[in-house]
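> Pasting the sequence and the predicted model now:
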Amino acid sequence: MKRGLLAVGLCLMVSIGTAADLEAETLTNKNVVDLVMAGLGDEAVIAKVRASTATYDLATNDLIILKKSGVSGSVIAAMIEADARGGVPSRAALSADSADPLVPHPSGLYMLADWLPQPKMVRLDPTISNQSKTGGLLGYAFTGGIASLSIKAVIPNVTAPIKANRSRPTFYFYFDEANRAPSQPPAGSVWLSGAASAVSSPNEFTLVSFEIKKDRRETRVGSMNLAGAKSGVMDKDRIAFVYEQIAPGVFKVSPKADLPAGEYGFLYAIGGGTGPGMWSRGTGASRIFDFSIQH
């Protein structure tokens, strides 16, 4: 019995020690060689070197051994820079278009353009819709409010600047958490959506399609009739998507089904309008990350 308890205790101690080692990982020459041999690529290895604490052996012979082990000059240079800082992690180098989602990117929403000869990430810049438009006004008036009056968010131009050559493109959301070191305090966020409120999950967005008009695009964000007013995108107008977290602050997102050719966008309501009734409850301003599907 005592031997059994001792064995269990030893297993627990080993497990706890292993978890602590993982949490306090310190890179060494061997770790770097292992990452290179795994085929991660220089960008990912350098990002890891810059973001981690480290204890390197960098004498002349050590550098020669690293080179013979397949470690590139750029990775070795990053190790030397990290050693000069005393092995303290720095903010990882950011890439604007690396197709590797684990390479740090500036905060934002990206589409993976994997149909290009050399795949890359393409950033979707947000468009702020401060304009609301009504639809079905005559039907609403003639029926005394029985027919619904639609409220639509409007964005300029008939097409988005970013175009996908896939029916079901892949997107990556990089929130501020992805680029903040553990010891770095929270700072101003490009994802701020209101007073002391920052967006931190794709679940806070709605994927919608847009109707093309003469010089603009429109999508329904509310309705009103005798029964009352509803603000926000209706369930039947939402396009389903799935997401998974692949790293702290980094999410992979894709539509659940193929999208027909047309205009689309990830919508986030960031403020209400200034008028009475439903115009004061969230239909006045939206941040929209728009894109087109082309076949």
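Perfect, thanks for sending it. Numbers count the residues shown, from 1 in each chain.
> is it true that Val45 touches Leu35?
Yes - taking contacts as Cβ atoms under 8 Å, Val45 lies within contact range of Leu35: 4.9 Å. Glycine gets a C-beta too; all of them are placed from N, C-alpha and C.
> I'd like the next helix or strand past the least confident helix or strand in the chain by mean pLDDT.
Least confident element among the helices and strands of the chain, by mean pLDDT, DSSP states H and E: helix 2-23 (a mean of 42). The C-terminal neighbour of helix 2-23 among helices and strands, as given by DSSP states H and E, is strand 26-27.
> Average pLDDT for that next one, rounded please.
When pLDDT is averaged along strand 26-27, the result is 88.
> That one - contacts with which helices or strands?
Secondary-structure packing of strand 26-27 (3 or more Cβ pairs under 8 Å, 6 or more residues apart in numbering; DSSP states H and E): strand 53-54.
> Now do the buried residues in the following helix or strand past the strand it packs on.
Sequence order places helix 60-68 as the next helix or strand after strand 53-54, per DSSP H and E. Within helix 60-68, the residues that count as buried by 16 or more other Cβ atoms under 10 Å are Leu63, Leu66.
> which residues touch helix 60-68?
Applying Cβ atoms under 8 Å, 6 or more residues apart in numbering, the external contacts of helix 60-68 come out as Asn29, Val32, Val33, Tyr56, Gly73, Ile76, Met79.
> In CSV, list the C-alpha atoms belonging to it.
C-alpha atoms of helix 60-68 as CSV (Å, rounded to 0.1, in the frame of the first residue of the first chain):
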residue,chain,number,x,y,z
THR,A,60,32.9,30.6,-32.3
ASN,A,61,32.8,26.8,-32.3
ASP,A,62,29.2,26.8,-31.2
LEU,A,63,28.3,29.1,-34.1
ILE,A,64,30.0,26.7,-36.5
ILE,A,65,28.2,23.7,-35.1
LEU,A,66,24.8,25.6,-35.4
LYS,A,67,25.6,26.4,-39.1
LYS,A,68,26.6,22.8,-39.8
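> and the helix or strand that it is followed by, which residues are buried?
Once helix 60-68 ends, the next helix or strand along the chain (criterion: DSSP H and E) is helix 73-84. By 16+ other Cβ under 10 Å, the buried positions in helix 73-84 come out as Val75, Ile76, Ala78, Met79, Ala82.
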